[in-house]
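A.B. asks: turn this into a model:
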Amino acid sequence: QLVESGGGLVQAGGSLRLTCAASGRTISKYGLLGWFRQVPGEERAFVASIAWSGGVTYYADSVKGRFTISKNNAMNTLYLDMNSLKPDDTATYYCALRAFPYGSDSGSTVDEYDYWGQGTQVTVSS
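C.D. replies: Modelled structure (predicted):
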């Protein structure tokens with residue numbers, strides 16, 4: 001089970017930290033965790049990913065330099081630090097787990113993931 005928290009309303013230029021707590025399973029060394037976001041009427045879009053073992057990260061171009069993905073293996077927790085937020089960042093943010101080593105290096109496609117959280121809303125006002 002993946003549970004996101006930390007969303008909310010923030011002014012443009014502000015910051016938020018999203019947290020995703022994983023419970024009920026052990027994340028294997030092959031695991032890859034990702035953050036995606038979705039606005040109504042659009043497809044879910046890749047934001048960032050991180051390898052559970054080793055910590056290699058990937059980012060969408062739209063968030064590179066502003067967002068940072070990180071993890072705490074001991075606490076089975078994933079984070080997304082979002083800085084310099086823009087109104088275009090407004091979306092529901094989802095964390096996801098790819099449990100097996102099958103898929104792209106970046107984990108940038110929705111279909112690669114096996115488990116999803118329920119989402120947390122982020123709203124950035126102008």
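A.B. asks: do I have it right that Thr109 meets Tyr102?
C.D. replies: No - with contact defined as CB atoms under 8 Å, Thr109 does not reach Tyr102; the gap is 11.6 Å. In this view, the C-beta of every residue, glycine as well, is placed from N, C-alpha and C.
A.B. asks: higher neighbour count, those two?
C.D. replies: Thr109 (14 against 10; other CB atoms under 10 Å).
A.B. asks: now the more buried one: how far from Thr77?
C.D. replies: From Thr109 over to Thr77 the distance is 24 Å, taken as CB to CB, to the nearest Å.
A.B. asks: ok, Phe67 next?
C.D. replies: Taking CB to CB, one finds Phe67 at 17 Å from Thr77.
A.B. asks: skip the chain neighbours and tell me the closest residue to the residue nearest the centre of the chain.
C.D. replies: Nearest residue to the geometric centre of the chain (CA atoms, centre = their mean): Trp35, 1.8 Å. Among residues not flanking Trp35 along the chain, Val47 sits closest, at 4.2 Å (CB to CB, 6 or more residues apart in numbering).
A.B. asks: distance check, that neighbour against Pro101.
C.D. replies: Taken as CB to CB, the span from Val47 to Pro101 is 21 Å.
A.B. asks: neighbour count winner among those two?
C.D. replies: Val47 (25 against 11).
A.B. asks: count of neighbours near the residue nearest to Asp89 when sequence neighbours are not counted?
C.D. replies: Residue nearest to Asp89 in three dimensions, not counting chain neighbours: Val124, with 5.1 Å by CB to CB, 6+ apart. Using other CB under 10 Å, Val124 has 20 other residues around it.
A.B. asks: surely Val124 meets Ser84?
C.D. replies: No - Val124 is not in contact with Ser84 according to CB under 8 Å; the separation is 10.1 Å.
A.B. asks: who does the closest residue to Val56 other than its chain neighbours bridge with?
C.D. replies: Distances taken as CB to CB, 6+ apart place Ile50 nearest to Val56, at 7.1 Å, with adjacent residues excluded. Ile50 has these beta-bridge partners by DSSP bridges: Leu33, Thr57.
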